[in-house]
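>>> Next come a sequence and a model predicted from it.
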Amino acid sequence: MSEFDNIEVSIVMPCLNEEETVGICIKEAKKVLGDLAIRGEIIVVDNGSSDNSVAIAQKEGAKVVFEPEKGYGSAYLRGFKEVKGEIIVMADADNTYDFSEIGKFISSIKQGYDFVIGSRFKGEIKKGAMPWANRYIGNPILSGVLRFFFNTDISDAHCGIRAFTDKAYKKMELHSLGMEFASEMVIAAIRENLKIKEIPVSYLPRKGKSKLVPLRDAWRHFNFMLIYSPTWLYLFPGIALFLVGLFLMFSLLYGPIVILGHLWDVHIMVLASLFSILGVQIIMLGLFAKTFGVISGFLNEDKTLQFMWRYFKLEKGIFIGIVLFMFGFIFNFLILSEWTLKHFGPLERVREAVLGATFIIIGIQTIFSSFFLHMLGMKTKK
């Protein structure tokens, strides 16, 4: 039997020009494995270092693999392909995490947890370890958004030290190549209903230059969370636009109104019509996105989709679209009839025409969107 056949723990570290710290991290990781009497391996993924990081890692006995495509996610995905252990531990090679705490992560996995993540905010952030903006603005906001969108209580969604089982990793099916990989992993763990635990950890000042680009990386995390949450990206904004537009249109149907001391007239009604049409379009895009996400496997079917598929079949969608279309058509037909009776003379029916045209457009949107939703939701056999 090979010495690698019964490896229990694989520790994976991404590395980009970390010659000052990678050797320290490897030594500490080896010490932890030795103290715990665990057969393990240490994998360093070099992401294009131009210093002595690779030579140092090899000298300290780590397995070094190379990933030419730059990116936090790229490095980890490459490293995870090499693991032989049933438990995977990931941590940065910049010595910002205390590797002596790895034992707590391994112990939690052995207790039955699938995914264990550190929390710097519940632990100790050493002086100078985290910039003020990251500590009090960036990380709390991004972690708060993730908690709000995905109904979790994780306090530090971007903590870089984590552990999970090989089985859990395969379930998560991770793909992101950049810093948003950290968010994808947490979201995937939640999506797959993994048993998650958060552990307080220490965060230490790093040596060398940080690879983070705060605004760019924060945006990548944020837009990734939005993409994985169609309800917040599409449905809520769409519903809000539609309802505001509809309210204003009916409020202005019989003449101008005064709001906040200003006269609101037909021009606002045209804007309200635009709001309503855009709102419906965004809602439909949200339903498309949620349906596509479910059939593609990166979103779970939620109550919104369950309700829609139960009560709004293709025929009902077409029927609702026809009703909306006919409502608008009748409005405009009555206007045309009145204009004809007046021998095509002057006619003041702009408000009614705006309302009618809005419902005609929304009706047509609904009919064709129903067909597309039905197409997306069809179960096909290969």
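Thanks, I have the structure now.

>>> in the stretch 1-150 of the chain, which spans are helices?
Counting by DSSP state H, counting those that start in this stretch, one finds helices in the stretch 1-150 of the chain at the ranges 22-35, 53-59, 72-80, 102-110, 132-133, 139-150.

>>> elements contacting the third one?
Same thing as helix 72-80. strand 9-15, strand 40-46, strand 63-66, strand 87-90, helix 181-191 (3 or more Cβ pairs under 8 Å, 6 or more residues apart in numbering; DSSP states H and E). The way it works is simple: take the backbone N, C-alpha and C, and place the C-beta from them, glycine included.

>>> contacting residues around the fourth one?
Where contact means Cβ atoms under 8 Å, 6 or more residues apart in numbering, the residues beyond strand 87-90 that reach it are 8-13, 76, 79-80, 102, 105-106, 109-110, 160-166, 169.

>>> re the thing from before, among the helices of the stretch 1-150 of the chain, which is the most enclosed?
Comparing the helices of the stretch 1-150 of the chain by mean neighbour count (mean count of other Cβ atoms under 10 Å), helix 72-80 comes out on top with a mean of 22.

>>> so it versus strand 40-46, what angle?
On the basis of axes from the mean of the first three to the mean of the last three Cα atoms, to 10 degrees, helix 72-80 is oriented at 140 degrees to strand 40-46.

>>> per-residue confidence averaged over helix 72-80?
Averaged across helix 72-80, pLDDT comes to 95.

>>> What of stretch 249-257?
In the prediction, stretch 249-257 has an average pLDDT of 89.

>>> related to what we said a few turns ago, now tabulate the helices of the stretch 1-150 of the chain in a markdown table and tack on distance to M284.
What follows is those, written out as a markdown table (distance: least, Cβ to Cβ, whole Å):
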| stretch | distance to M284 |
| --- | --- |
| helix 22-35 | 50 |
| helix 53-59 | 50 |
| helix 72-80 | 31 |
| helix 102-110 | 43 |
| helix 132-133 | 38 |
| helix 139-150 | 21 |
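
>>> Lowest average confidence across these, which one?
The minimum mean pLDDT among the helices of the stretch 1-150 of the chain belongs to helix 132-133 (a mean of 84).

>>> mind listing the strands for the stretch 201-350 of the chain?
Secondary structure of the stretch 201-350 of the chain (DSSP state E, counting those that start in this stretch): strands at 257-259, 262-264.

>>> May I see those strands organised as CSV, with distance to V350 added?
Converted to CSV, the strands of the stretch 201-350 of the chain look like this (distance: least, Cβ to Cβ, whole Å):
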stretch, distance to V350
strand 257-259, 15
strand 262-264, 14
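
>>> separation between the residue located most distally from the centre of the chain and I335?
Residue farthest from the centre of the chain, counting by Cα atoms, centre = their mean, is H343 at 59.0 Å. Distance, H343 to I335, by Cβ to Cβ, to the nearest Å: 15 Å.

>>> Over to G297?
As judged by Cβ to Cβ, G297 and I335 stand 50 Å apart.

>>> Just want to know which of those two has more residues nearby.
The neighbour count for G297 versus I335, taken as other Cβ atoms under 10 Å, is higher for I335 (16 against 9).

>>> ok now do that one, which residues does it touch?
Applying Cβ under 8 Å, 6+ apart to I335 gives the contacts L347, R349, E352, A353, G356.

>>> Show me which of those are buried.
E352, G356 (16 or more other Cβ atoms under 10 Å).

>>> can you list the contacts of I335 in CSV and add distance to L287?
Output for those, formatted as CSV (distance: Cβ to Cβ, whole Å):
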residue, distance to L287
L347, 38
R349, 34
E352, 30
A353, 29
G356, 25
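
>>> list the contacts for E82?
Neighbouring residues of E82 by Cβ under 8 Å, 6+ apart: S10, V12, I43, K63, V65.

>>> For G245, see how far away the nearest residue to S251 once chain neighbours are set aside is.
Of all residues beyond its chain neighbours, the one nearest S251 is I257 (5.8 Å), with distances taken as Cβ to Cβ, 6 or more residues apart in numbering. With distances taken as Cβ to Cβ, I257 is found 15 Å from G245.

>>> Compare these two and say which one has the larger neighbour count.
For I257 and G245, the more surrounded residue by other Cβ under 10 Å is G245, and the numbers stand at 22 against 13.
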